[in-house]
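A.B. asks: The following comprises the amino acid sequence and a computationally predicted model.
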Amino acid sequence: MIACRLLGPVELSVDGDAPPAELLWKKNLALLVYLALSPRHTRTREHLIGLLWGDKPESAARHSLNEALRVVRRAMGEEALHTDATTVRLDPEAVETDLAAFARHEAAAEWESAAALVAGALFEGFAVPGESAFEDWLTAQRAPWDRRAVTALVRATELNLANGRTRQALALAERAAALSPTSCQAAGALIRALALSGDRAGALRRFEDHARLLREQLDTAPDSELAAVAGRIRKERMGPAPDSDEARVALTRRLPLIGREGPLAELTEAWRRCLATRRTAVTVILGDAGFGKTRLIEEMMARAALDGGASLTVRGVEADHLAPWSGLLGLARGGLLETTGIAAAPPAAHAALAAQVPEWGDRFRGAPGAEPTPLPRAFSELIRAAAEEQPLLIVADDSHLLDAESLATLASLPRDLPAAPILMLVTAESAPPSELLDALRSRLGRDIPGGTIELGPLQHGGLAAMARAVFPHYDDEAVERLTRRVAADSAGVPLLAIEILHAVAAGLEDLPQQPGAWPAPYHTLTQTTPGDLPDTVVAAIRIGYRRLSAGAQQVLAAAAVLGGRVTVPRLVRATSLATPEVNNALDELEWQRWLVADGRGYVFVAGIVERVIDRDMLTPGQRRRILDADNSPTDTEGAP
C-alpha cells in the first residue's frame, strides 16, 4: 500500500516505510499521483505520454513511460499495476490518498478531521518543469481543492469557537488565511477568532491587511458581511494589547474556556437556532457561585456582538430583591437604551421608562408628555421594537437575587413575544429553589423553546487542562502533581482553581495540603466565610491583589468595603481618585475578572473574594476612611 499526502508538500510512504528514492523522481511521482486521481484509476498510454513526455520523440517517450511504470510496479507490487498495449490501470486498493480521506470526512461533515489533513495547498511546491499539460492539470486541480480545504478549516474554526477553544480556532483560521489570502471566508474566520480570543486590535489589523490585499491584487473590497463584523469589533471596548504587561499579568486570570466546552456549544447552538427560526428561546444556567456562569454569559455576549446582536444585561445583588422593578430598570440601562430599534416603540412605552430612568427622558424628550404604559407592558413593547431591528441576547445573571416583579416580567416575555430573534439567558444558583424560575423551567422544551444547563465542579481533566494552559513548559508529571494540589484546595471550583494557578505563576510555591474536606458537606462557596477557605486560596487571592496597580488596589478595596453594586461616582468619592484614574482601574479590574459590569455599576465576580479582601487586605482605619469618604458631601457631579 502506498499512502500519498497531497494537501501540502507531497509525501509518500510504502507500507509505512520511506519510498524508494527513484519513486520520488518528479515524473515517476507525477505518474503515480495522476493515475491515483484519474477516473477509474485508468488512462491510455497516449494520454500519459502527452501529459509527461510530450516534448520527446514517440519512441523515446514510450521508453520513458515504460521505465516509469517499471519503477511504480516495483514499489507497489506486480498485482497493483495493470498494463496492456493501450491502457494503464492502477488497482484502487493499492494507493490511499489524503484527498480520498478528506472527501469522506467532508461528506460526513467531520470538519475537524478533514481540517487535520490540510497541511497546505494541493501539491504545494510540486511541479514538472517543461510539461505544460501536466502543469495545466495541476492548476485546474488546485483551485477547487484549495476552496474545499479552506471551507473545512473555516468550519473547524467555527466548531472550536462554539466550544470556547479559541487557541485551536485561531491556529485553524491562520492556516485558512495562509492557504487563501484573498478569501473573505478565511479572513472572516480569522478575524472572529482573534476577536473572541480577546485581541480585538489584532482582528482589526488583519481586516485592514485583508482589505489592502484585495484592493491591490483584485481591485475589490471585502464583502459586506465581513465589513459589518469589523465595524462591530470597532464598537467594542479594546482590551490590553496581547504583548503588553497588562495582558501578561491577566493571562492566567482569563484562560480560554476550559471544562465548559459542552455548555458553550449548547448556548451557541441555541443562539444560532434562535436567529434561524426567529423564535424567542430561554436557557436557564444553574450552578453554585464560582462555577463559571458569568464567564459563559460573557462568551455568548461576545459571539452575539459579532453576529450583529445586542446584549441587554442585568446582574442581581442582594439589595435588588427588595427593590421592585429594579431588574427591568437595570436592563433598560444595561443595553436596551442603546439599541436603535426602540425609537419605533409607542410614546407611552417611552414615557413609562422616562419616568424611572432620567437618561431615557433625555434621549426621548417627547415621552414625558404621553400617558405612561404600565411598566411590564412598556418593557415588552420596547423589546419588541428592538428585536425588529436586530437580534437580542437578554441576560439576567444571578436572577435569584432579582426582584419578583422583574423576574415575573422576564418569565412572561416568551409568551408575549414568541416570534422574535431573542435568546434569554437566566443564571441562578442551584439552591434555594425559586417558584418563578421553577415555573419557567417547567415550560422549557414544551411551549417555550429552550432548556436548562447545570454546571458542576471541574473534574480532573479540566483542572489538568488549566494547569497545562498556564504552565505549557511543565512535563506530564509536574502537571499531574499541580493538578492534584489545585483539586484539593479548589474543590473543582473554576474561580478558585484559576486564582491558585495565577498565584503559582506569580511565585506562590507553598501549596500545603488542607486537612479535612473542603467545602463542608452541603455547603457552597456562597455559604463559605473567608475563614473557611483553605490557606492556599486565601494566599492566592492576596497575591493576585498585590499584583494589581496601585489605583486598581484602591478601587477594589473601596468596592469591597462599600459592598454590593458600586458606581464610578461613588468610587471617585470613596478613593479620592480622579474619574479617569477610577475608569482606568475599573478597566484593569474588569479585564482581570475581579469585577463585572452592568448598566448600573460594578459588582465582584465572586462574593467570597470580596469578603477576603475586606477581611485580610485592609486595616480597620482604611475601612473607616473609605466609609467616611463615601459619606462625605464631596461634589462628584459630572462623573460618569
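C.D. replies: Yep, it's here. Numbers count the residues shown, from 1 in each chain.
A.B. asks: Quick one, grab the pLDDT at the residue nearest to residue 387 when sequence neighbours are not counted.
C.D. replies: Nearest non-adjacent residue to residue 387, counting by C-beta to C-beta, 6 or more residues apart in numbering: residue 420, 4.1 Å away. C-beta here means a position set from N, CA and C on the backbone, and glycine is covered the same way. At residue 420, the model reports a pLDDT of 95.
A.B. asks: Please renumber the chain so that the first residue is 32 from this point on.
C.D. replies: With the count now opening at 32, the last piece we talked about shows up as residue 451.
A.B. asks: Tell me how many other residues surround residue 451.
C.D. replies: 20 (other C-beta atoms under 10 Å).
A.B. asks: Please apply the same query to the one 4 residues further on.
C.D. replies: As a burial measure, the neighbour count of residue 455 was computed by other C-beta under 10 Å and equals 25.
A.B. asks: what's near enough to touch it?
C.D. replies: Residues in contact with residue 455, defined by C-beta atoms under 8 Å, 6 or more residues apart in numbering, are 311-314, 425-427, 441, 444-445, 481.
A.B. asks: follow-up on the earlier one: sec struct for the residue nearest to residue 418, please.
C.D. replies: coil (DSSP: H, G, I helix; E, B strand; the rest coil).
A.B. asks: Tell me which of the contacts of residue 455 fall in helices.
C.D. replies: 441, 444-445 (DSSP state H).
A.B. asks: would you list these in CSV and tack on distance to residue 135, neighbour count and pLDDT?
C.D. replies: Formatted as CSV, the ones in helices among the contacts of residue 455 follow (distance: C-beta to C-beta, whole Å; neighbours: other C-beta atoms under 10 Å; pLDDT from 0 to 100):
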residue, distance to residue 135, neighbour count, pLDDT
441, 47, 25, 93
444, 45, 21, 93
445, 42, 22, 93
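A.B. asks: Return the member of those residues nearest to residue 307.
C.D. replies: Within the ones in helices among the contacts of residue 455, the smallest distance to residue 307 is 17.1 Å, found for residue 445 (C-beta to C-beta).
A.B. asks: Hmm, residue 313 and that closest one touching each other?
C.D. replies: Yes - in this structure, residue 445 is within contact of residue 313 by C-beta atoms under 8 Å, at 5.9 Å.
A.B. asks: got any residues that touch both of the two?
C.D. replies: 455, 479.
A.B. asks: can I see the domain layout of the chain?
C.D. replies: 33-147, 184-284, 292-485, 491-574, 579-662 (automatic domain parsing).
A.B. asks: In CSV, list the contacts of residue 455 along with distance to residue 162.
C.D. replies: Supplementary listing: the contacts of residue 455 in CSV, determined by distance: C-beta to C-beta, whole Å:
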residue, distance to residue 162
311, 62
312, 59
313, 63
314, 59
425, 63
426, 62
427, 67
441, 70
444, 68
445, 66
481, 61
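A.B. asks: List just the nearest of these to residue 86.
C.D. replies: residue 312 (66.1 Å).
A.B. asks: From one end of stretch 596-612 to the other, what's the distance?
C.D. replies: Criterion C-alpha to C-alpha, to the nearest Å; first-to-last residue distance in stretch 596-612 is 19 Å.
A.B. asks: who touches it?
C.D. replies: Contacts of stretch 596-612 (C-beta under 8 Å, 6+ apart): 346, 348, 350, 582, 585-586, 589-590, 592-593, 613-614, 616-617, 631-634, 657-658, 660-661, 663, 665, 667, 669-671.
A.B. asks: What subset of those residues is buried?
C.D. replies: By neighbour count, with 16 or more other C-beta atoms under 10 Å, the contacts of stretch 596-612 hold 346, 348, 582, 585-586, 589-590, 592-593, 613-614, 616-617, 631-634, 657, 660-661, 670 as buried.
A.B. asks: Okay, and which of these map to strands?
C.D. replies: 346, 632-634 (DSSP state E).
A.B. asks: wait, which of these is closest to residue 152?
C.D. replies: residue 346 (48.4 Å).
A.B. asks: and that closest one, what are its bridge partners?
C.D. replies: For residue 346, the beta-bridge partners are residue 428 (DSSP bridges).
A.B. asks: pretty sure it contacts residue 635?
C.D. replies: No - between residue 346 and residue 635 there is no contact under C-beta under 8 Å: 10.4 Å.
A.B. asks: which neighbours do those two share?
C.D. replies: Joint contacts of residue 346 and residue 635 (C-beta under 8 Å, 6+ apart) are residue 627.
A.B. asks: Among the contacts of residue 455, which one lies nearest to residue 359?
C.D. replies: The closest of the contacts of residue 455, once distances to residue 359 are taken by C-beta to C-beta, is residue 441, at 7.9 Å.
A.B. asks: pLDDT score for the residue nearest to the closest one when sequence neighbours are not counted?
C.D. replies: Leaving aside its sequence neighbours, residue 441 sits nearest to residue 427 (C-beta to C-beta, 6+ apart; 5.9 Å). The confidence metric pLDDT takes the value 95 at residue 427.
A.B. asks: Then residue 547?
C.D. replies: Predicted confidence (pLDDT) for residue 547: 58.
A.B. asks: what do you get for residue 483?
C.D. replies: Reported pLDDT for residue 483: 94.
A.B. asks: number of nearby residues for residue 370?
C.D. replies: Using other C-beta under 10 Å: residue 370 sits among 19 other residues.
A.B. asks: and if you look at residue 165?
C.D. replies: Here the count is done by other C-beta under 10 Å, and residue 165 has 23 residues near it.
A.B. asks: one step back: from what I can see the residue nearest to residue 418 touches residue 415, true?
C.D. replies: Yes - Residue 451 is within contact range of residue 415, at 6.8 Å (criterion: C-beta under 8 Å).
A.B. asks: Point out where this protein drops to low pLDDT.
C.D. replies: Applying pLDDT under 70 to the chain flags residues 268-283, 396-400, 540-548, 553, 664-671.
A.B. asks: Which stretches in it count as strands?
C.D. replies: So, for the chain - with DSSP E - the strands run 33-36, 42-45, 73-75, 112-114, 118-121, 126-128, 312-317, 341-346, 423-428, 453-459, 481-485, 626-629, 632-635.
A.B. asks: just so I know, which of those lies nearest residue 261?
C.D. replies: Per C-beta to C-beta, nearest to residue 261 of the strands of the chain: strand 341-346, 17.7 Å.
A.B. asks: Touching the closest one from outside, list them.
C.D. replies: 325, 328, 332, 335-336, 358, 361-362, 365-367, 369-370, 417, 421-429, 433, 437, 596, 627, 629-631, 634.
A.B. asks: Now restrict these to buried residues only.
C.D. replies: 325, 328, 332, 335-336, 358, 361-362, 365-367, 370, 417, 422-429, 433, 437, 596, 627, 629-631, 634.
A.B. asks: ok so, going back, switch the ones in helices among the contacts of residue 455 over to JSON lines; also include distance to residue 182.
C.D. replies: Below are the ones in helices among the contacts of residue 455 laid out as JSON lines (distance: C-beta to C-beta, whole Å):
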{"residue": "441", "distance to residue 182": "40"}
{"residue": "444", "distance to residue 182": "38"}
{"residue": "445", "distance to residue 182": "36"}
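A.B. asks: Among the contacts of residue 455, which one sits closest to residue 79?
C.D. replies: Among the contacts of residue 455, and counting by C-beta to C-beta, the member closest to residue 79 is residue 312, at 59.2 Å.
A.B. asks: unless I'm mixing things up, that closest one is touching residue 301, no?
C.D. replies: Yes - using C-beta under 8 Å, residue 312 is in contact with residue 301, at 5.8 Å.
A.B. asks: anything in contact with each of these two?
C.D. replies: 454, 481.
A.B. asks: Return the list of helices and strands in contact with the longest helix anywhere in the chain.
C.D. replies: Identified as the longest helix of the chain according to DSSP H is helix 163-193. Judged by 3 or more C-beta pairs under 8 Å, 6 or more residues apart in numbering; DSSP states H and E, helix 163-193 is in contact with helix 57-68, helix 76-83, helix 129-138, helix 142-147, helix 197-210, helix 215-227, helix 292-308.
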